[in-house]
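Asker: the sequence isn't on hand, but the structure is:
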């Protein structure tokens with residue numbers, strides 16, 4: 001059974017940094033994609049960044065230049081380095097995984113973590 005466990009969330013002031021981690025277990029695929037999504041209260045879940053074992057990455061326009069996604073394939077751990085955080089980055093951050101190439105829609109992912117809260121104050 002696939003499990004995704006996020007960690008690293010917290011509260012920071014605007015301009016600060018956080019590093020999120022997502023540890024995957026029970027995942028036996030060699031070709032897969034993992035991604036970070038976030039959801040603010042009253043808003044839809046949106047894609048933040050994604051990466052595939054094939055080396056493809058994507059970033060939402062709102063985080064380009066500030067966030068960096070990386071994947072340790074051997075450890076099956078996904079990371080999201082978030083710098084220059086803004087209040088609008090506040091939300092619950094979810095890790096997701098799917099077999100196959102990179103994807104950007106939440107509906108494309110079958111495995112989800114429970115989420116980790118990120119709060120950025122001004």
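Answerer: Arrived safely, thanks for sending. Please read these numbers as outputs of a predicted model, since none were measured by experiment.
Asker: isn't residue 32 up against residue 102?
Answerer: No - contact criterion CB atoms under 8 Å: residue 32 and residue 102 do not qualify, at 9.6 Å. Every residue, glycine included, has its C-beta placed from N, CA and C.
Asker: anything in contact with each of the two?
Answerer: residue 52 (CB atoms under 8 Å, 6 or more residues apart in numbering).
Asker: so the two - more neighbours on which side?
Answerer: Counted by other CB atoms under 10 Å, residue 32 and residue 102 do not tie: residue 32 has more neighbours, with 22 against 19.
Asker: pLDDT score assigned to that one?
Answerer: For residue 32, the model assigns a pLDDT of 86.
Asker: against residue 71, how distant is it?
Answerer: Going from residue 32 to residue 71 by CB to CB, to the nearest Å gives 9 Å.
Asker: got it, and residue 116?
Answerer: Distance from residue 116 to residue 71, by CB to CB: 17 Å.
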